[in-house]
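Peer 1: Give me coordinates for this.
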Amino acid sequence: MIGKIDKTYWDIANIKQIKNESEAIKEFEAYFVRIFLKEARKSIPKGLFNTSFSANFYYDMLDMELAEVISQKDPLHLEKFLQEALSKYQKISKG
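Peer 2: Alright, predicted model coming up:
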């Protein structure tokens, strides 16, 4: 079991809790994966139970949790890529 949902993607106040680059990168990665899953789900044909509000709500929560788990494991190696991109951007903006 994954546990309770303690943060939501629509909670803007949660952004203030981010303290460093690593946390920001993990949050971005989770958001990126969630959007990817949401868009990928649109390609699946709609079934009998797939059109209700509650089904869409459930799938959205499922995508949020899957994105969180996937981003913690970092199978896409986005963390390294984003850290390199941020460091290059910081060098350019300073120099």
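Peer 1: Okay, Tyr58 and Ser71: tell me how far apart.
Peer 2: Using Cβ to Cβ, to the nearest Å, one obtains 20 Å as the distance from Tyr58 to Ser71. Every residue, glycine included, has its C-beta placed from N, CA and C.
Peer 1: could you say what helices and strands the helix or strand of the chain with the lowest mean pLDDT packs with?
Peer 2: Across the helices and strands of the chain, the lowest-confidence element by mean pLDDT, DSSP states H and E is helix 78-94, at a mean of 83. Using 3 or more Cβ pairs under 8 Å, 6 or more residues apart in numbering; DSSP states H and E as the contact definition, the elements that helix 78-94 packs against are helix 21-42.
Peer 1: from the middle of its chain, how far away would the least confident helix or strand of the chain be?
Peer 2: How far helix 78-94 lies from its chain's middle: 19 Å, per Cα atoms, centre = their mean, to the nearest Å.
Peer 1: got the buried residues for that helix?
Peer 2: Judged by neighbour count (16 or more other Cβ atoms under 10 Å), helix 78-94 contains these buried residues: 78, 82.
Peer 1: which one of Tyr58 and Ser71 has more residues nearby?
Peer 2: In this comparison of Tyr58 against Ser71, neighbours counted by other Cβ atoms under 10 Å, the higher total goes to Ser71 at 22 against 12.
Peer 1: so which helix or strand takes in that one?
Peer 2: Assigned by DSSP states H and E, Ser71 belongs to helix 53-73.
Peer 1: so that helix versus helix 78-94, what angle?
Peer 2: Here helix 53-73 runs at an angle of 80 degrees relative to helix 78-94 (axes from the mean of the first three to the mean of the last three Cα atoms, to 10 degrees).
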